[in-house]
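Q: fold the following and give me the result.
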Amino acid sequence: MIAPTLYSRAFRPLYFTASRTDTLGNVIFNQFKQEVPRQYIQTLIATGAVYHRSPLHTFKSLHNVPLPRRLFSPDDMVQQDAMLKIFFFPRQYPTDHVDIDRCVLFENDQFLVIDKPHGISIGPVIDNYHNNINALLQQHRSSITSIFNPHRLDFQTRGLCVLIKDSSYINQFNSMLRKRSITKRYRAFYQGPNMITPGLYTHYMKPSKSTIKEMSDTKVEGWHECILRVLESSQCTVSMPISDVEQDFLSIDMLNGNWKQQEMLVGKGINRTRHAMVQLNYVDVELITGRTHQIRAQMRALGRSLVGDRMYGGMAIQQLSNAQFNPNDQPYPHRSLHTSFIGLVSYQLSFECPLTGHQHHFSLLDSKQ
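A: Predicted structure coming up:
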């Protein structure tokens, strides 16, 4: 395996221009003085971690230069002076915890509704075209030829999400999003001595391309208004594995499956693991506005960071069941703030189909809840 420090910091792309016209594989191989194995180069290309843009002199105007696009074959021809963008160390996300058939809750000719697990993206990410819900669906269902994603959830979040199959339905679905005629409810889990009082909460988000969103309690000129409604505040007990491995937490059902579990040993045979009972607070919230990371950022602004959400000041999920766990002692990238699990679940989704007028209602809560 190539050491990440040789060429580029992980998650950061490397740019260069082709020194001669040749195949994509040869251009990359020669750019790095034949030190990068061809097999690794082919893996990067197949992963979707290599982008290409034609030389600038081939465009009539510099005002209409397109963004680089992915290439998937090492045999694709690349012109001299073409720009290449490479993610040398694309993120590889496990999908072993994803049963794609069980994820699909509803399907018709226009759309699907899925229960997206923690730790997987809806669609491709910038450095990996695969390892996502779209790709798994198309691998398992030959009838699905294309999927569109106007409705998204964060990689770390579990819950209900609508995937569009029919391109002519996208505009109608986007119209419902703009008119806020889709009701989405989330359950947010946190630790702390004090409960959050039900009601409306308003904060203001600084316009920024930064991953971590900054909030203000008071109105700031030019900042985006963020409003959420806390519907209910309560407590629960969740059975969690005692493990240093974040992947072991990805299949936890925070909503239903662990509420009355009392066993300290769970599973059979080699899969038998020690569990601990963890007391958590939670709030059921409804978004009035819909901003990137809104719930995560507003929960931090309220002093109640989500469990597992280290990006916004939350405790590492492993620490909930093992107080001795220290994320700073973990090797990179496990000490990164980019975790795979946060205590946030989109548990309820309701909307009226603009084509049929049918009122759809989906919920992940057991009837006893």
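Q: test my guess that residue 51 contacts residue 70.
A: Yes: look at residue 51 against residue 70 with CB atoms under 8 Å: they come within range, at 5.7 Å. Heads up, the C-betas are built off the backbone N, CA and C, glycines and all.
Q: out of the two, which sits in the more crowded spot?
A: residue 51 (19 against 15; other CB atoms under 10 Å).
Q: secondary structure class for the more buried one?
A: Put simply, residue 51 is strand when judged by DSSP: H, G, I helix; E, B strand; the rest coil.
Q: assign residue 295 to helix, strand or coil.
A: Assigned with three-state DSSP, residue 295 falls in the helix class.
Q: got a list of what it touches?
A: Going by CB atoms under 8 Å, 6 or more residues apart in numbering, residue 295 touches 186, 188, 228, 285, 287, 306, 344.
Q: what about the one helix or strand the third one maps to, average pLDDT?
A: Taking DSSP states H and E as the criterion, the element that holds residue 228 is strand 224-241. pLDDT averaged over strand 224-241 equals 92, rounded to a whole number.
Q: and it, how far out from the chain middle?
A: 19 Å (CA atoms, centre = their mean, to the nearest Å).
Q: packing partners for the one helix or strand residue 40 maps to?
A: Assessed by DSSP H and E, residue 40 sits inside helix 38-47. When contacts are defined as 3 or more CB pairs under 8 Å, 6 or more residues apart in numbering; DSSP states H and E, helix 38-47 sits against helix 24-31.
Q: pull out the buried positions in the helix it packs on.
A: Within helix 24-31, the residues scored as buried using 16 or more other CB atoms under 10 Å are 24, 25, 26, 27, 28, 29, 31.
Q: put the alpha carbons of that helix into PDB.
A: Taking C-alpha atoms only, helix 24-31 is exported to PDB below (Å, rounded to 0.1, in the frame of the first residue of the first chain):
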ATOM      1  CA  LEU A  24      -5.100   7.900 -19.100                       C
ATOM      2  CA  GLY A  25      -3.200   5.100 -17.400                       C
ATOM      3  CA  ASN A  26       0.100   5.900 -19.100                       C
ATOM      4  CA  VAL A  27      -0.200   9.600 -18.400                       C
ATOM      5  CA  ILE A  28      -0.600   9.000 -14.600                       C
ATOM      6  CA  PHE A  29       2.000   6.300 -14.600                       C
ATOM      7  CA  ASN A  30       4.600   8.500 -16.200                       C
ATOM      8  CA  GLN A  31       3.600  11.700 -14.300                       C
END
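Q: wait, a helix at residue 63?
A: Yes: per three-state DSSP, residue 63 lies within a helix segment.
Q: which residues of this protein score low on pLDDT?
A: Along the chain, segments meeting pLDDT under 70 span 1-11, 257-273, 329-338, 367-369.
Q: how is it divided into domains?
A: The chain is divided into the following domains under automatic domain parsing: 4-86, 100-363.
Q: ok, the most centrally placed residue in the chain - contacts?
A: What sits nearest the mean C-alpha location of the chain, by CA atoms, centre = their mean, is residue 155, with 1.4 Å. Residues in contact with residue 155 (CB under 8 Å, 6+ apart) are 93, 119, 120, 121, 125, 340.
Q: equivalent analysis for residue 48, please.
A: Neighbouring residues of residue 48 by CB under 8 Å, 6+ apart: 70, 72, 90, 124, 127, 128, 129, 130.
Q: leaving out chain neighbours, which residue sits closest to it?
A: residue 129 (2.7 Å; CB to CB, 6 or more residues apart in numbering).
Q: just list whatever residues bridge to residue 286.
A: residue 185, residue 229 (DSSP bridges).
Q: that one contacts residue 183, doesn't it?
A: Yes: with contact defined as CB under 8 Å, residue 286 and residue 183 form a contacting pair (7.0 Å).
Q: neighbour count for the two, which is higher?
A: residue 286 (15 against 12).
Q: for the more buried one, give me its contacts.
A: Counting by CB under 8 Å, 6+ apart, residue 286 touches 183, 184, 185, 186, 228, 229, 231.
Q: and these, which two are the farthest apart?
A: The largest distance within those, taken as CB to CB, falls between 183 and 228 and amounts to 13.1 Å.
Q: can you report how many residues neighbour residue 306?
A: 27.
Q: same question, residue 139
A: Neighbour count of residue 139, defined by other CB under 10 Å: 11.
Q: part of a strand, is it?
A: No: assessed with three-state DSSP, residue 139 is helix; it does not lie in a strand.
Q: can you tell me how far it sits from residue 66?
A: Distance, residue 139 to residue 66, by CB to CB, to the nearest Å: 29 Å.
Q: about what we covered before: tell me the most buried of the domains of the chain?
A: The highest mean neighbour count among those, using mean count of other CB atoms under 10 Å, belongs to domain 100-363: a mean of 17.
Q: so how far is it from its chain's centroid?
A: Chain-centre distance of domain 100-363: 8 Å, with CA atoms, centre = their mean.
Q: farthest pair within the contacts of residue 295?
A: Using CB to CB, the contacts of residue 295 span at most 14.7 Å, a distance reached by 287 and 306.
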